[in-house]
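Participant: any chance you can model this:
(one chain, ligands or ions: 2)
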Amino acid sequence: MTNTSDKDRVVIFDTTLRDGEQSPGATMTHNEKLEIAGLLDDMGVDIIEAGFPIASEGDFNAVSEIAKNSRNSRICGLARAKTGDIDRCWEAIKHAEKNRIHTFIGTSPLHRAIPNLSMDEMADVIHQTVTHARNLCDNVQWSPMDATRTEWDYLCRVIEIAIKAGASTINIPDTVGYTAPMESAELIKKLIETVPGADDVIFATHCHNDLGMATANSLAAVAGGARQIECTINGLGERAGNTALEEVVMALKVRNDIMPWHTGIDTKKIMHISRRVAAVSGFAVQFNKAIVGKNAFAHESGIHQDGMLKNAETFEIMRPADVGLSGTSLPLGKHSGRAALRDKLNTLGFEVGDNQLKDVFVRFKELADRKKEVFDDDIIALMRTGTDDDDHLQLVSMKVVCGTGGPAESTIEMEVDGQDVTATAEGDGPVDATFKAIREIHPNTAQLQLYQVQAVTAGTDAQATVSVRLEEDGIIATGESANTDTVVASAKAYISALNRLIVRRGKVGEGADTREISYKDIT
Ligand SMILES: CC(=O)SCCNC(=O)CCNC(=O)[C@H](O)C(C)(C)COP(=O)(O)OP(=O)(O)OC[C@H]1O[C@@H](n2cnc3c(N)ncnc32)[C@H](O)[C@@H]1OP(=O)(O)O
Ligand SMILES: CC(C)C(=O)C(=O)O
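Facilitator: Ligands and ions are numbered 1, 2, ... in the order given. Coordinates of the predicted model:
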């Protein structure tokens, strides 16, 4: 392989629209394919395999349109070793300024058995079909499907035939994800050393991820001498998928010290196209997917967050901006520590002293134990609610039974000026029963003027913020509380309002003029 001016340049051949679309359920519409092709072209993909034109009218039309709209990328279509397929492919791609016919046949014993061709008969088919393709298009790629399970001697023989018939790229597919890095490198090296004419063509690698080794196998093939990697965005593709474009491109960028090869991809465009491919294919990216997963640049545990705040290189080997992300994310959760909580509070505009941080941290951990992820709004709600040791009434515990079978029953345990008191009450629903039980413990004539529930964030584990307004003899007091359990939040908000009322009663008795108090029990 030396027919490129830059021997260290790795050509990126994207097959999201062909092999990627072969993922069961990943079918994309015509317009979606055009959009993705445009994004691939923009990000510097060298060759776009736009589809399999013989497969359907729709595929033919999409490939033709992509070919007409192409700007920088070479547009390729796939064709079986059949003149009809090759003709149809050429019809679709001929409008592109740069085009390629990619024709293939299965060469392993298992695949030779399907059309029942002998080794010699298959060699003839390869000669005829590559020649036919080359007569139509000056850029032909040939693939021995299931190459990694094909006898190496036979592989050398048929590759020589394809090169002589005019193929300028020889792709070595690991169709079923069977090879391993050492073998992948060795095979390419052996082919380049053995096959006459190998120096005049580019060897490509096309790996599947059945054993989770597609990226490693592709890079090993490059180490062995391949200079084209076939891949897809998000690793979309048959079964466990193809090599992920973002993985090989970023691996070559980050570890250029030991893998001194480069691509022409604008890596800052990776995140956007990844999200678009996920959206149009309906294949969500797994959270822990390398490079493009939601967690790829997120750090939740305290030690990591502390390290990241001091120096991002402690736990990140690439900058989020390099793949088009605006920044690292430090989501708060049960593994987070004080450093990250303080940083988050500062970002949200709360200046907290060490004592307050200690107190908020305890409540934050309690919340994080109940909630998968603690969002900014949860932190704000946490800062707005809390308990005061000086309060007359404190909730100790509560239990509520409710359902379709009868009235709800609530048992409340409270500390009233240091004394433990328990009461049980029935009510029309869990909140009514809870408020009645609290009234039994602390009898009062306050009227409930307002009871309001609001979800702080999305999801069934979201915190609810409950606001309660009480009025007694013209004195108004409000209480607010947030909790993942709406009934607990209701009880706490009601008790908060009662505590304020108690304080107000005393102050009114002392002659102070405070007709309206809004209590947000900030600690
Ligand atoms: C590893 C890969 O990703 S290869 C690409 C796989 N992608 C696809 O198959 C998607 C598009 N495919 C299709 O739409 C259809 O399979 C078509 C239109 C190509 C063919 O449809 P049909 O004519 O109904 O054939 P069917 O799909 O049932 O079987 C495939 C035929 O192609 C033959 N075939 C398979 N690969 C090749 C090849 N490389 N060269 C020649 N013939 C081949 C099979 O032997 C079989 O032939 P048969 O019908 O004489 O038994
Ligand atoms: C058509 C070939 C390259 C293929 O997709 C495979 O072998 O996986």
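
Participant: for the stretch 401-523 of the chain, which residue gets nearest to ligand 2?
Facilitator: residue 459 (39.4 Å; CB to the nearest ligand atom). (Glycine included, C-beta is placed from N, CA and C.)

Participant: contacts only, for that residue.
Facilitator: With contact set as CB atoms under 8 Å, 6 or more residues apart in numbering, residue 459 has these partners: residue 372.

Participant: which SS class is it?
Facilitator: coil (DSSP: H, G, I helix; E, B strand; the rest coil).

Participant: for residue 308, same thing?
Facilitator: Classification of residue 308 by three-state DSSP places it in helix.

Participant: got a list of what it touches?
Facilitator: Counted by CB under 8 Å, 6+ apart, residue 308 has contacts 299, 314, 315, 316, 328, 330.

Participant: tell me the buried residues within the residues you listed.
Facilitator: If you count burial by 16 or more other CB atoms under 10 Å, the buried members of the contacts of residue 308 come out as 299, 315, 316, 328, 330.

Participant: just the element for the residue of the stretch 351-500 of the chain found nearest ligand 2, please.
Facilitator: Going by CB to the nearest ligand atom, ligand 2 is nearest to residue 372 of the stretch 351-500 of the chain, at 37.7 Å. Taking DSSP states H and E as the definition, residue 372 sits outside all helices and strands.

Participant: which residues in the stretch 351-500 of the chain form helices?
Facilitator: 354-370, 376-384, 430-441, 486-509 (DSSP state H, counting those that start in this stretch).

Participant: if we can go back for a sec, mind putting the buried ones among the contacts of residue 308 into CSV with distance to ligand 1?
Facilitator: Listed next are these as CSV, based on distance: CB to the nearest ligand atom, whole Å:
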residue, distance to ligand 1
299, 38
315, 38
316, 36
328, 38
330, 41
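
Participant: and these as CSV, adding distance to residue 126 and pLDDT?
Facilitator: Formatted as CSV, the buried ones among the contacts of residue 308 follow (distance: CB to CB, whole Å; pLDDT from 0 to 100):
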residue, distance to residue 126, pLDDT
299, 52, 87
315, 50, 88
316, 48, 90
328, 51, 77
330, 55, 82
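
Participant: reformat those residues as JSON lines; add secondary structure.
Facilitator: Output for the buried ones among the contacts of residue 308, formatted as JSON lines (three-state DSSP):
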{"residue": "299", "secondary structure": "coil"}
{"residue": "315", "secondary structure": "coil"}
{"residue": "316", "secondary structure": "coil"}
{"residue": "328", "secondary structure": "coil"}
{"residue": "330", "secondary structure": "coil"}
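
Participant: for ligand 2, tell me which of those show up nearby.
Facilitator: Near ligand 2, judged by CB under 6 Å from any ligand atom, there are no entries from the buried ones among the contacts of residue 308.

Participant: ok, the residue of the stretch 151-300 of the chain found nearest ligand 1 - contacts?
Facilitator: The nearest approach of the stretch 151-300 of the chain to ligand 1 comes at residue 175, 5.0 Å away (CB to the nearest ligand atom). Residue 175 makes contacts with 106, 145, 146, 147, 148, 149, 206, 208, as judged by CB under 8 Å, 6+ apart.

Participant: ok, and which of those reach ligand 2?
Facilitator: Checking those against ligand 2 (CB under 6 Å from any ligand atom), the matches are 145, 206, 208.

Participant: in a strand, the second one, correct?
Facilitator: Read that as residue 206. Yes - counting by three-state DSSP, residue 206 is located in a strand.

Participant: of the contacts of residue 175, which belong to helices?
Facilitator: The helices, defined by DSSP state H, take in nothing from the contacts of residue 175.

Participant: who wins on neighbours among the residues you listed?
Facilitator: residue 206 (29 neighbours; other CB atoms under 10 Å).

Participant: thinking again about what came up before, so which of the helices of the stretch 351-500 of the chain comes closest to residue 137?
Facilitator: Among those, the nearest to residue 137 by CB to CB is helix 376-384 (55.2 Å).

Participant: name the helices or strands packed onto that closest one?
Facilitator: Where contact means 3 or more CB pairs under 8 Å, 6 or more residues apart in numbering; DSSP states H and E, helix 376-384 is packed against helix 338-347, helix 354-370, strand 475-483.

Participant: now the residue in the stretch 301-450 of the chain that ligand 2 sits nearest to: closest residue in space, sequence neighbours ignored.
Facilitator: Going by CB to the nearest ligand atom, ligand 2 is nearest to residue 323 of the stretch 301-450 of the chain, at 26.2 Å. Once flanking residues are discounted, residue 323 sits nearest to residue 270: 4.4 Å by CB to CB, 6 or more residues apart in numbering.

Participant: neighbouring contacts of the host helix or strand of that neighbour?
Facilitator: Assigned by DSSP H and E, residue 270 belongs to helix 270-281. The contact list for helix 270-281 (CB under 8 Å, 6+ apart) reads 16, 20-21, 23, 26, 28-29, 32, 35-36, 39-40, 43, 233-234, 236, 245-246, 249-250, 283-285, 291-292, 323-325.

Participant: please apply the same query to stretch 52-59.
Facilitator: 18, 30, 51, 60, 63-64, 77-80, 82, 84-85, 88-89, 91-93.

Participant: which of those residues are buried?
Facilitator: In those, the ones that pass as buried (16+ other CB under 10 Å) are 18, 51, 60, 63-64, 77-80, 85, 88-89, 91-93.

Participant: what residues does the stretch 151-300 of the chain have near ligand 1?
Facilitator: So the stretch 151-300 of the chain meets ligand 1 at 175, 238 (CB under 6 Å from any ligand atom).

Participant: strands of the stretch 151-300 of the chain, start to end?
Facilitator: 169-174, 202-207, 228-231 (DSSP state E, counting those that start in this stretch).

Participant: and for the stretch 1-150 of the chain?
Facilitator: 11-14, 47-51, 74-80, 99-106, 140-145.

Participant: of those strands, flag the one that's most buried.
Facilitator: strand 47-51 (a mean of 29; mean count of other CB atoms under 10 Å).

Participant: what's the angle between it and strand 140-145?
Facilitator: Orientation check (axes from the mean of the first three to the mean of the last three CA atoms, to 10 degrees): strand 47-51 against strand 140-145 gives 70 degrees.

Participant: tell me the strands beside strand 47-51, with direction?
Facilitator: Looking at strand 47-51 with DSSP bridges, its partner strands are strand 11-14 (parallel), strand 74-80 (parallel).

Participant: where are the low-confidence patches of the stretch 251-400 of the chain?
Facilitator: In the predicted model, the stretch 251-400 of the chain carries pLDDT under 70 at residues 384-390.

Participant: I'd say residue 237 and residue 15 touch.
Facilitator: Yes - Residue 237 lies in contact with residue 15 (CB atoms under 8 Å); the separation is 7.5 Å.

Participant: and stretch 6-18, does that touch ligand 1?
Facilitator: No - figure legend: stretch 6-18 not in contact with ligand 1 (CB under 6 Å from any ligand atom); closest approach 7.8 Å.

Participant: figure out which of the strands of the stretch 1-150 of the chain is closest to residue 478.
Facilitator: strand 11-14 (58.8 Å).

Participant: ok now that closest one, how far from the chain's centre?
Facilitator: Centroid separation between strand 11-14 and its chain, computed with CA atoms, centre = their mean, to the nearest Å, is 22 Å.
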